[in-house]
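Asker: Provide a 3D model corresponding to the input given below.
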Amino acid sequence: MPPGVTINLPKNSKIKAEWVVPSSSIEVKTKDEIIFDIDLKGNPWIGIDGIYLFNPLKRTIFSVSSPIKDFAFLETGEFVVATGEALGYLLPSESSSKLKFLPILNLPSGSPKLFPGGRTYSLYIYLEGER
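Answerer: Numbering: from 1, shown residues only. As a prediction, this is how the structure comes out:
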């Protein structure tokens with residue numbers, strides 16, 4: 001593990017700590033640059049630097065067209081994404097290998113944070129220095 005990284009997992013957890021991308025190739029300066037959630041099938045999804053989305057268990061990695069600030073899975077299966085400007089979802093792009101962000105709702109300026117709660121979610125917008 002890189003210096004300063006600690007991972008705590010239950011003894012019988014199916015999740016194992018393993019780097020998909022060598023840790024030295026992506027410099028993460030703060031925890032705010034990492035986003036984490038688990039889908040309905042129990043798969044972990046990690047967003048790094050706002051531009052990568054990957055599942056370490058499936059060894060699947062995607063890049064996205066718009067910088068992601070947060071994402072969440074609802075219990076109905078929907079995958080909701082928040083950028084600095086809008087709320088929406090991701091679709092495969094016909095012209096690029098990146099997942100395309102499709103906005104559905106404009107957001108006020110700030111740092112969005114999604115909190116799923118069953119079939120709904122709460123969205124908070126933090127202003128600079130509020131956290």
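
Asker: which pLDDT value belongs to E128?
Answerer: With respect to pLDDT, E128 scores 65.

Asker: try P108
Answerer: On the pLDDT scale, P108 gets 87.

Asker: same question for I104.
Answerer: So I104 comes in at 92 (pLDDT).

Asker: roughly how far does it sit from A86?
Answerer: 7 Å (Cβ to Cβ, to the nearest Å). Placement of C-beta: from N, CA and C, glycine included.

Asker: neighbour count: the two, which is higher?
Answerer: A86 (16 against 10; other Cβ atoms under 10 Å).

Asker: who does the closest residue to that one other than its chain neighbours form a beta bridge with?
Answerer: Leaving aside its sequence neighbours, A86 sits nearest to P103 (Cβ to Cβ, 6 or more residues apart in numbering; 3.5 Å). As for beta bridges, P103 partners with G88 under DSSP bridges.

Asker: list the buried residues for the least confident helix or strand in the chain by mean pLDDT?
Answerer: Ranked by mean pLDDT, DSSP states H and E, the weakest helix or strand in the chain is strand 120-126, scoring a mean of 80. For strand 120-126, a neighbour-count test (16 or more other Cβ atoms under 10 Å) marks Y121 as buried.

Asker: same check, this time on stretch 93-110
Answerer: Buried residues in stretch 93-110 (16+ other Cβ under 10 Å): L99, K100, F101, L107.

Asker: from those, which ones fall inside strands?
Answerer: L99, K100, F101 (DSSP state E).
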